[in-house]
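Engineer: structure for this input, please:
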Amino acid sequence: MARASKMLINKVEDCVDEMVDHIAATNPGLTRLHHHRVLIRDDIDHFRDQGRVATICGGGSGHEPFAAGYVGRGMLSAAVCGSVFASPPSEEILAAIEAVKSRRGAGTLLIVANYTGDRLNFGIAAERARASGDVIDMVVVGEDCALQSVDRTAGRRGLVGIVVAIKVAGALAEEGKSLREIGDVLRRMTSQMGTIGLSLGGCSIPGRGTTSFSLGAGEMELGLGAHGEAGVRRLELRSADDTADVMLAHMTASHLRLAAGDRVAVVVNNLGGMSLLELHLVARRFLDQLRRRHHVTVERFYAGHLMTSLDMAGFNVNVTRVDDVIVRCLDADTNAPGWPRTCESARTGKRLHDDNHVVAMETMTSSASKSVASGDSADIRIISCVRGACEALIAAEEKLNRLDDECGDGDCGSTLARGARDVIAKLPGWPTSQLGPLLLRIAACAEKSMGGASGGLYSLFFTSAATAVPTIVGRPTPEVIGKLLRKGMASVCEYGGARVGDRTLLDALAPVCDVVDMTTSLSGKELADKMAEAAEAGAEKTRTMEARAGRASYVSGELIKDKMDPGACAVAILFRAICDCL
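Structural biologist: Okay, the predicted model is just below:
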């Protein structure tokens, strides 16, 4: 959400100049025009001599990467930066025209967002340049679908669709197309696009100390402008899917009617303060609905920060009808720093996946299980021990959570119970005549169902233990048990960083290993009882240990004094349950 008065700036009056300086300083392909808030391509002399159309765009700062981030080969020749949310003066625009215009009379294209200040100042610059003999065309982009203004002087507001226009214009200019050709393509394309936005709150404007607008805790604004101008209505907060559906329905109801078979490009634009997780959720829904409900072909899809409103927690979505020319221009190479890149396929290039973007793959566990014939008989005792250990962890869920309350996040028991339930659910289909594949199955459940650091540690333990006994069939001997326990512990120490004595589950495991190492003649039941006793004794000792690993190491020692480590307690519960099952 907006931070209002909390902004990392030096002086309000200097913030735009300092930003422009840094963009130029850190992008070798850009230079700043002396005494102006204008960024130009560093190869502009060569470009001007080639007789290609120069492309210029700009507007108020605070929308970055628009427009400064779109200067470069295949996009803008120059960008003009105004003060925050204020159109740049015509003198700045004229300076940009003079700096980048073709020396062979190819002309200059001004790409302008449909806001009154931008239209006026770019219009003044265009007329003055024409009066000096320059060839100028100006394309105004206004594709907002939220409102239908009754004021014919206003029209539809210019939003993120202008970034698509910049990309297409820049690519056509790089190809050597004429000023008229480029203008014709842009006017046709921008008449076939629509954008609608939504915000959860206003943005923080330098020097103002307040947000641009405010919303209630359970409200969101549909159809706002690029600076937080009023939208079409306020809605109750909804889910990501429902929000995307409302926006798409409003856009396609009258402003941009889509027909089955249409080809489109989509931009889901972060207005600055929305998490990428949220952005991808709504973007996912847009893609799905366009394909399944509107039956259009989504040729290209871009999601990220393209035209922001400082730190506004919101986004807008642009849908543009495309043809082969537009797709070619969108795909054309550019070194402009702000244009989003997607991960191309070596087989299909930039073409989007259909619905089959999820592929099956053989995991370590599945390949290991194939080494066991489906007809192998199961060792009933092994199944009984695994099930009994899991049931014991589930029964101890609340106890372990209470132990974890003071030193962790209070979910140790719930995390282990979640993994245990997954193992019980899958156990009937597992091969158990070979110990290695069984341990790998348990490791996979721990990693997937438990998650987090705990899931990782348990998965690591069982995976390493499995590699120590890959070909063992049937009931394991004490020697095998000791080998797999030591191997699992070694990996936990290596990757987790803990050691015996740090008040962790290792302090219950280490005594068990010692018992197994010293045992040569005990029966299965007797050995299991000794192992359980050792684990319980080790867990008890953690009451007096200083925590030197895990979350407990970050809290005061007083909070965990005389309390058993929950991880060590869980190990003791596991071994006691195994003993009881024999």
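Engineer: can you pull out the helices in the stretch 1-150 of the chain?
Structural biologist: Along the stretch 1-150 of the chain, the segments classed as helices by DSSP state H, counting those that start in this stretch run 15-26, 44-49, 90-100, 116-131.
Engineer: just to check, residue 226 is in contact with residue 159?
Structural biologist: Yes. The pair residue 226 / residue 159 is scored as a contact, 5.8 Å apart, by Cβ atoms under 8 Å. In this view, the C-beta of every residue, glycine as well, is placed from N, C-alpha and C.
Engineer: find residues that contact each of these two.
Structural biologist: When contacts are counted by Cβ atoms under 8 Å, 6 or more residues apart in numbering, residue 226 and residue 159 are jointly contacted by 113, 197, 307.
Engineer: just curious, which of these is nearest to residue 402?
Structural biologist: The nearest member of these to residue 402, counting by Cβ to Cβ, is residue 197 at 47.1 Å.
Engineer: scan the helices and strands of this protein for the one with the lowest mean pLDDT.
Structural biologist: helix 364-369 (a mean of 42; mean pLDDT, DSSP states H and E).
Engineer: now do the same contact list for the residue most central in space within the chain.
Structural biologist: The chain has residue 276 as the residue nearest its centroid, 4.2 Å off, counting by Cα atoms, centre = their mean. By Cβ under 8 Å, 6+ apart, the contact set of residue 276 is 270, 304.
Engineer: and it, how far from residue 31?
Structural biologist: According to Cβ to Cβ, to the nearest Å, residue 276 stands 31 Å off from residue 31.
Engineer: can you give me the pLDDT of residue 527?
Structural biologist: pLDDT recorded at residue 527 is 90.
Engineer: where does it land in three-state SS?
Structural biologist: helix (DSSP: H, G, I helix; E, B strand; the rest coil).
Engineer: so it makes contact with residue 516?
Structural biologist: Yes. Using Cβ under 8 Å, residue 527 makes contact with residue 516 at a distance of 7.4 Å.
Engineer: hey, where'd the strands end up in this structure?
Structural biologist: 30-32, 38-41, 54-61, 78-84, 108-113, 136-141, 193-199, 219-222, 233-236, 263-270, 297-304, 314-321 (DSSP state E).
Engineer: who does the third one touch, helix- and strand-wise?
Structural biologist: Going back to what we said before, that points to strand 54-61. Applying 3 or more Cβ pairs under 8 Å, 6 or more residues apart in numbering; DSSP states H and E, we find strand 54-61 packed against strand 78-84, helix 90-100, strand 108-113, helix 116-131, helix 161-175.
Engineer: kindly calculate the angle that that strand makes with helix 161-175.
Structural biologist: 160 degrees (axes from the mean of the first three to the mean of the last three Cα atoms, to 10 degrees).
Engineer: run me through the strand neighbours of strand 54-61, direction for each.
Structural biologist: Partner strands and pairing direction for strand 54-61 (DSSP bridges) are strand 78-84 (parallel), strand 108-113 (parallel).
Engineer: pLDDT score assigned to residue 558?
Structural biologist: We have a pLDDT of 73 for residue 558.
Engineer: residue 475 now?
Structural biologist: In this model, residue 475 carries a pLDDT of 69.
Engineer: for residue 232, same thing?
Structural biologist: Value listed for residue 232 in the pLDDT field: 81.
Engineer: how much space separates it from residue 509?
Structural biologist: Distance from residue 232 to residue 509, by Cβ to Cβ: 62 Å.
Engineer: so which of these two has more stuff around it?
Structural biologist: residue 509 (27 against 16; other Cβ atoms under 10 Å).
Engineer: residues touching the more buried one, list them.
Structural biologist: Contacts of residue 509 (Cβ under 8 Å, 6+ apart): 485, 488-489, 535, 538, 571.
Engineer: sorry, back to before: I'd like the strands of the chain as CSV, with distance to residue 578 and mean neighbour count appended.
Structural biologist: Converted to CSV, the strands of the chain look like this (distance: least, Cβ to Cβ, whole Å; neighbours: other Cβ atoms under 10 Å):
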stretch, distance to residue 578, mean neighbour count
strand 30-32, 66, 20
strand 38-41, 68, 26
strand 54-61, 66, 28
strand 78-84, 66, 25
strand 108-113, 69, 27
strand 136-141, 69, 21
strand 193-199, 55, 27
strand 219-222, 53, 19
strand 233-236, 53, 12
strand 263-270, 51, 23
strand 297-304, 49, 19
strand 314-321, 52, 26
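Engineer: any chance of these in TSV, with distance to residue 101 too?
Structural biologist: Converted to TSV, those look like this (distance: least, Cβ to Cβ, whole Å):
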stretch	distance to residue 101
strand 30-32	16
strand 38-41	11
strand 54-61	5
strand 78-84	10
strand 108-113	5
strand 136-141	9
strand 193-199	28
strand 219-222	41
strand 233-236	45
strand 263-270	29
strand 297-304	30
strand 314-321	28
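Engineer: out of these, flag the one nearest residue 211.
Structural biologist: strand 193-199 (10.6 Å).
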